Each structure stands twice: as structure tokens, then as C-alpha cells.
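S.K.: dropping a prediction and its sequence here:
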Amino acid sequence: METKETTANIQKPEKLVITSSPHVHNTESVTKIMWIVNLTLLPAAIFSVINFGLPALITMLLCIAGSAACEAAIQYWRKVKVTVSDGSAVLTGLLLAMCLPAGIAWYVPVIASVAAIGIAKHTMGGLGHNVFNPAHIGRAFVMASYPVAMTTWAVSRIGNSADFAGAMGKVADFDVVTGATPLGILKQQGYQALVDSFGGQSAMYKALFIGNTGGSLGETSAILLILGGLVLVIKKYIKWQVPVVMIGTVALFTWIFGGKVDGKLVYFTGDPVLHILSGGLIIGAFFMATDMVTTPLTTQGQVLFAFGCGLITVLIRLYGGYPEGVCYSILLMNALTPLIDRYIFPKKFGSLPEPVTRS
Amino acid sequence: MNLWKEFTKGLVAENPIFRLALSLCPALAVTSNVYNALGMGVTVLFVITCNNIVVSAFRNVIHPKVRVPVYIMSIATIVTVAMLTLEAYLPVLFRELGIYLPLVVVFAIILARAEVFAAKNSVIPSMIDGLGMGVGFTIGMVTIGAIREIIGNGSFFGYQILGSWYHPPLIIILAPGGFIVIGFIIGVMNLNEKRKKDKSEKAEMAAGGTI
């Protein structure tokens, strides 16, 4: 430690600071951006606690505490500066919690946090070096490890459909009531059964939009997540093209290929609104597919990335084994990010436009 | 030639799995428990040693242009012997290893030792080299198998050692777990080596400073 301090003293500029261009600087920093993203997630997080009750809060706290503790422990062990206060580990924990069902056994969020921070982030070298989105690696890790626990979804407490209200009334003594998610019902029983369970199409849209349905913590409230995402767009932390392209791709392809009449595919009869509002698409499009570290550098690259995410999501939702595919689609596209960056690379600062040369 | 050195180099310094990174396919596929890992390790130990003996004994009569087919023929013969033996005496293990037993024929480590070592050395050193590489491979397999079985199933050699309080993450005994475990073992070995190197460099510098 002593040697470090002395070198810092020697290098400390005294009179003249000489740096290379660019010199224009704003007040943004990793810490500030991370905490603002945390704040924009807060409304949806609070809503999930109202929606699912105390178990949601416990899951969330376990994820955040687990991620922060794991980050601190690894950074202490690696003898680098402990940067828990920059909020990136807290953000990973919060995003991870948003992907988990409420009331899941305590060890699942803890193991997921360790996988997210320990395997996805710090084996790659820490913040800014990870290839994959840590929160989604954590979710995929526990999804493969505890498939039963991960697909036992809590039922909304303030659900207004008759089934949910009846279920809650009968078993009010329990902490959590479990049931299928909208996409789960869609996959197993079909579209009509899903509409019937809400008691009509407009009631279904309303429930999905406000968020009083079953699902993981962050899957439910479309409106609060969109509001949080809009703040990020206005602050220019994310580009509006990414969520628009990703959601638009999902809407387009589910509209074309999502409709079935008597078990047979009929083109252009799908229900894009249902697919947009249900599952993890909104949170994925606004908060995961826009992650600064694991997505391409250029706007064109990010649009391509978002299109790929949307396409893979639709493939998994309509033809795959899982009811929901946002998590895997983003992880798969994360793996393609270096390739996209190789062919669509950023313009050098101050350079003239010239035809793209492929290296 | 120092025979002991030929034997020990396969254990850590040139460990087939962790250092040469050869034959990772069985290291991923049959290490979900220790028993299978040990079975595969010993099979490879047998095949690699016998093949090294055969190849080194006939190294002067094999024409270089046809050497690889000849090596493969030799390996295939020995693997067939090993398979029939396993099927007769350990039928359960034989079924568990399944397709990976015939695949031993094309394991990179066996052909690599024949090509790199046995084709250039006499019988005794080749045998020792095969034994060392085989034991190193077995140690690697058993290490991976033990870690994966304990974490992913809470058991060791089929005996439950962790109680019902332990909820094993299933992913460790699935294929991704194999990648994760091998990655971490290689990482720890590299870290150790780097620390050792740094230490010796420091010692050298200190020694140089006093002179």
C-alpha cells in the first residue's frame, strides 16, 4: 500500500495538465448511470412487492445482497478496488430478481447471484469486460439447476380476474399462491383458454398492461417498465431504436406466425399485443438488450442486435420448448456481439466518412 | 533418459486435460460422476500404454506416409480388447460409458502420444510416457468427476455425503457444468503457475540486487 501512495504522489499533477483530445466532458459517470438505471427500475420493483407481497421483497433483497456481497468478496480477494458503491452489482441483483418468481426458495436467488457476479462478470475481468449479461446468466444458471422451482409462479395478489380472486380468497392464509403465467397458459392450453381465464380480450390486455398477472417479479407491469425505460431514453442512456426494433420484431413475427385456428397455422392472425405485454419482453427490450457492456457499439449494430433478439424470442415462444425466450435470445445475441462489432464498427472520432473496409 | 521424469511430466506439467487440452470431449461427457470418470480414465490409461508399446516397437518398419492409419488400426484393436473386457466384467460401467468407449479410438491424446513420443523413442520410455499420460488423464477425469458429483449431486462415488439440506444445482452435472468446472480448474492452475513465476522472478531480482 505504501508504494502505491508514493507513486500516486509523484504522478500528481501540480501545475499543468496535459491530456489528449477530446476535451469536451460531461458529468456522466458509471456510478451515476448505474444508480439512475436502478432508480428507473424502482417503480416496477415496488409494484411487484405490492403485487406478490413480502416474498417478492425477500427475493429482491436476497439477490441484491448476494450480488453486492459476491462482488465485494471477489474484488477483495483479487486485491483490486472494491467498487460495490458504483451500483453495478446492485443493478445486476435487481435485474436478476426481476427475472425470478416471487417466493422462490432462499438458495435460488443466492446461487443465481453468485453465478451472475462470480461466473459471468468476474471470471471475464469485472465490469466492462463481461461477454454476457450477468443477470441473465444468473437466471439461465438457476433455470437449468432448479427447473421446478423456477417455473412455480406466484399468482398476483391484486389480480382482478375471477379465478385469481377466488383462489386468493380460499387460501388467504398462505404466503404465496402459485399458478401459470399468461405465456405458460398460451403454450399449454392455447389462445382461447388464456383469453377465457381473464374473462375477455380487453380485460386481458388491461391486466397485462397494468401488471396484475402471474409471472416473475419484473415480467408483470408493462406500464411501469415502459415509464422507467422512457426515462433512460430521455436521459440518452439507451437508444430508442433498440427497444422499438426488438418489440417491433416480436410484434411483427407473432402477428404473422402466431395465429392458430383449430391447431393449424393461419398467417396474419396472431395477437401481437399479448406477446408484447406478457413475459419479459418489455424489461428485456428496455433494460437488458440495451446493456452498455454486452451489446454492439454502433447504432446500426444495436439495431441488428435488437432484431436478432426479437427473432429468437419469437422462435422460442412459438416453436421452442420454453414458454418464454427473452432471456436466451439476449444471451445468444450477446455471443454474436463481437462479430457484429467486427463488421459494423464505430467511426473514428473526427474522421471523414469513407466506405467501410472490412478487415 | 530419466524415466521418472517421463512419467511425472504427464501428471501436472503436461496434463492431457488441463495443460494439453486434448480429449476434452470425454472430460465433459462422462465426468458427471466419479465412477464413470475413473472407468474412462483407466480405460484410456490401458489403451494409451499398450498403443505406445506397439507403436514404438514397430516404429522402424512403419512407412511415414501410412503411419496414421497404422496407428489408428493399432488403437482400434486395443480399444476392442478393452471394450470386450469391460462388457464381460463391468457391464454396468460399459452401458454407462456407452458411445464414448468406441470413441476412445479417436481420442486426440492417444494419437498425439503415438505421433509425438512413441514414434521417436524406444519401447520402455514410450511405455512410461503412456503410463504417465494415462495416470494424468485419470487424475484429471477423477478431479472433474469428484467436483461435479459433489456439487451437482451431493454425493461421492454414489454415496450421499451431503444431507437433504443441500439442494444441488443440477447444471453442474449437465454439460454446461463440465465447461464451467474445467474452466475454473485451468484458471486456478494458471493462477498458481503465475504466482510461482512471479515469486521466482522476484527472488531472482532480489538476488541480482545484492550482487
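M.R.: Nice, I can see it. Numbers count the residues shown, from 1 in each chain, chains lettered A, B, ... in the order given.
S.K.: any buried residues in stretch B:87-95, and which?
M.R.: By neighbour count on 16 or more other CB atoms under 10 Å in any protein chain shown, the buried set for stretch B:87-95 is B:93-94. Yep, even glycine has a C-beta here, placed from its N, CA and C like the rest.
S.K.: what's the answer for stretch B:117-132, then?
M.R.: B:117-119, B:121, B:125-132.
S.K.: what ranges in chain B fall below the confidence cut-off?
M.R.: B:1, B:208-211 (pLDDT under 70).
S.K.: show me where it has strands.
M.R.: With DSSP state E as the definition, chain B shows strands at residue ranges B:155-156, B:159-160.
S.K.: packed most tightly, which of these would that be?
M.R.: strand B:155-156 (a mean of 16; mean count of other CB atoms under 10 Å in any protein chain shown).
S.K.: show me what that one is in contact with.
M.R.: By CB atoms under 8 Å, 6 or more residues apart in numbering or on different chains, the residues outside strand B:155-156 that reach it are B:33-34, B:146, B:149-150, B:161-162.
S.K.: if we use 6 Å, what do you get?
M.R.: Contact partners of strand B:155-156, identified using CB atoms under 6 Å, 6 or more residues apart in numbering or on different chains, comprise B:149-150.
S.K.: same question for stretch B:43-61.
M.R.: By CB under 6 Å, 6+ apart, stretch B:43-61 touches B:74-75, B:78-79, B:82, B:104, B:110, B:113-114, B:118-119, B:121, B:123, B:126-127, B:130-131, B:133-134, B:137-138.
S.K.: excluding chain neighbours, what is closest to the residue nearest the centre of chain B?
M.R.: By CA atoms, centre = their mean, the mean C-alpha position of chain B lies nearest to B:Phe137, the distance being 1.8 Å. Closest residue in space to B:Phe137, ignoring its immediate chain neighbours: B:Pro16 at 4.6 Å, by CB to CB, 6 or more residues apart in numbering or on different chains.
S.K.: picking that back up, closest to A:Met124 among the buried residues of stretch B:117-132?
M.R.: Of all these, A:Met124 sits closest to B:Gly132, with 34.3 Å by CB to CB.
S.K.: tally of neighbours for the closest residue to the closest one other than its chain neighbours?
M.R.: Nearest residue to B:Gly132 in three dimensions, chain neighbours excluded: B:Gly10, at 3.3 Å (CB to CB, 6+ apart). Look at B:Gly10: counted by other CB atoms under 10 Å in any protein chain shown, it has 26 neighbours.
S.K.: the residue nearest to the centre of chain B contacts B:Asn15, doesn't it?
M.R.: No - B:Phe137 is beyond contact range of B:Asn15, at 7.8 Å (criterion: CB atoms under 6 Å).
S.K.: gap between the host helix or strand of A:Ile33 and the chain center?
M.R.: Element membership of A:Ile33 [criterion: DSSP states H and E] is helix A:30-52. Mean-position distance between helix A:30-52 and its chain equals 12 Å (CA atoms, centre = their mean, to the nearest Å).
S.K.: so which residues make contact with it?
M.R.: For helix A:30-52, using CB under 6 Å, 6+ apart, the contacting residues are A:56-57, A:86-88, A:90-91, A:94, A:102, A:154, A:156-157, A:217-218, A:221, A:224-225, A:228, A:231-232, A:237.
S.K.: out of these, list just those in helices.
M.R.: A:56-57, A:88, A:90-91, A:94, A:224-225, A:228, A:231-232 (DSSP state H).
S.K.: in those, find the pair that's most separated.
M.R.: The distance between the two most remote of the ones in helices among the contacts of helix A:30-52 (CB to CB) is 24.0 Å, for A:Leu57 and A:Leu232.
S.K.: higher neighbour count, these two?
M.R.: Per other CB under 10 Å, whichever of A:Leu57 and A:Leu232 has more neighbours is A:Leu232, with 21 against 18.
S.K.: what residue, apart from its backbone neighbours, is nearest the more buried one spatially?
M.R.: Beyond its immediate neighbours in the sequence, the residue positioned closest to A:Leu232 (CB to CB, 6+ apart) is A:Ile238, lying 4.7 Å away.
S.K.: ok, that neighbour to A:Gly301 distance?
M.R.: Going from A:Ile238 to A:Gly301 by CB to CB, to the nearest Å gives 14 Å.
S.K.: higher neighbour count, the two?
M.R.: A:Ile238 (24 against 20).
S.K.: do I have it right that the more buried one meets A:Gly229?
M.R.: No - in this structure A:Ile238 lies outside contact range of A:Gly229 using CB under 6 Å: 7.4 Å.
S.K.: show me where the stretch 1-150 of chain A dips below the pLDDT cut-off.
M.R.: A:1-15, A:17, A:22-23.
S.K.: now do the helices in it.
M.R.: Secondary structure of the stretch 1-150 of chain A (DSSP state H, counting those that start in this stretch): helices at A:2-11, A:30-52, A:54-77, A:88-98, A:107-114, A:134-145, A:147-150.
S.K.: quick one: buried residues of the last one?
M.R.: When you say that, I think you mean helix A:147-150. Result for helix A:147-150 [16+ other CB under 10 Å]: buried residues A:149-150.
S.K.: does it reach chain B?
M.R.: No - contact of helix A:147-150 with chain B (CB under 6 Å from any CB of the partner chain) is absent, the minimum separation being 7.4 Å.
S.K.: quick one: that helix to chain centroid distance?
M.R.: The answer for helix A:147-150 is 19 Å, by CA atoms, centre = their mean.
S.K.: tell me which other helices or strands the helix or strand A:Lys206 falls within touches.
M.R.: Element membership for A:Lys206 (DSSP H and E) is helix A:201-210. Secondary-structure packing of helix A:201-210 (3 or more CB pairs under 6 Å, 6 or more residues apart in numbering or on different chains; DSSP states H and E): helix A:191-198, helix A:272-277.
S.K.: neighbouring contacts of the shortest one?
M.R.: It stands for helix A:272-277. With CB under 6 Å, 6+ apart as the test, helix A:272-277 has contacts from A:205, A:208-209, A:222, A:247, A:250-251, A:254-255.
S.K.: out of the residues you listed, who has the most neighbours?
M.R.: For those, the largest number of neighbours (other CB under 10 Å) sits with A:Val250, at 28 neighbours.
S.K.: so it touches A:Cys309, yeah?
M.R.: No - with contact defined as CB under 6 Å, A:Val250 does not reach A:Cys309; the gap is 8.6 Å.
S.K.: who touches the residue in the stretch 201-350 of chain A that chain B sits nearest to in this structure?
M.R.: Residue of the stretch 201-350 of chain A nearest chain B, by CB to the nearest CB: A:Leu331 (11.7 Å). A:Leu331 is in contact with A:132, A:136, counting by CB under 6 Å, 6+ apart.
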